[in-house]
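Peer 1: what shape does this take:
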Amino acid sequence: MTARALLYVNARSRHSRASYSGAARTAAIVFYGAHLHGEALDPDEVRIIAGLAAGAAAAYDRIEAEALRKDNEAMKNEVDSLRTRLAEIQIQPA
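Peer 2: Predicted coordinates for the structure are as follows:
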């Protein structure tokens, strides 16, 4: 017997470090098959699984946002450091 996916869930994240267009991107895909004894997934199970995907996408968005905040803070610190060095050698930034 070959296993077949009966349902797949695409967790779509709103943000991507590679693209700031705001377009959704796939963060994860999960495939689900029938129950152990072959019963199909019922509509409530499908609804619950879809809800899990929405939660997973939100978690990916939060992780991505935190990484972007850290990157932004590091860049601000670098700019401040470079401005200090320019001031020390008396060069005015543009």
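Peer 1: from here on, contacts and neighbour counts on C-alpha atoms
Peer 2: OK.
Peer 1: where does this structure have its least confident helix or strand?
Peer 2: Ranked by mean pLDDT, DSSP states H and E, the weakest helix or strand in the chain is strand 7-13, scoring a mean of 73.
Peer 1: tell me the pLDDT at residue 54?
Peer 2: What the model reports for residue 54 is a pLDDT of 84.
Peer 1: and what of residue 49?
Peer 2: So residue 49 comes in at 86 (pLDDT).
Peer 1: secondary structure class of it, three-state.
Peer 2: Three states are possible here, and by DSSP: H, G, I helix; E, B strand; the rest coil the one that applies to residue 49 is helix.
Peer 1: what is the nearest residue to it once chain neighbours are set aside paired to in the beta sheet?
Peer 2: If the residues on either side of it in the chain are set aside, residue 49 comes closest to residue 9, at 7.6 Å by CA to CA, 6 or more residues apart in numbering. Per DSSP bridges, the residues bridged to residue 9 are residue 30.
Peer 1: residue 9 contacts residue 29, correct?
Peer 2: Yes: Residue 9 is within contact range of residue 29, at 5.6 Å (criterion: CA atoms under 8 Å).
Peer 1: between those two, which is the more surrounded one?
Peer 2: When neighbours are counted by other CA atoms under 10 Å, residue 9 comes out ahead of the other of residue 9 and residue 29, with 17 against 11.
Peer 1: enumerate every residue touching the more buried one.
Peer 2: When the contact criterion is CA atoms under 8 Å, 6 or more residues apart in numbering, the partners of residue 9 are 29-31, 49-50, 53.
Peer 1: residues in contact with the closest residue to residue 29 other than its chain neighbours?
Peer 2: Of all residues not flanking residue 29 in the chain, residue 10 sits nearest, at 4.6 Å (CA to CA, 6+ apart). Taking CA under 8 Å, 6+ apart as the definition of contact, the neighbours of residue 10 are 26-30, 53.
Peer 1: and the residue most central in space within the chain, what pLDDT?
Peer 2: Using CA atoms, centre = their mean, the residue of the chain that lies closest to the mean C-alpha position is residue 60, 3.4 Å off. Residue 60 carries a pLDDT score of 84 in this model.
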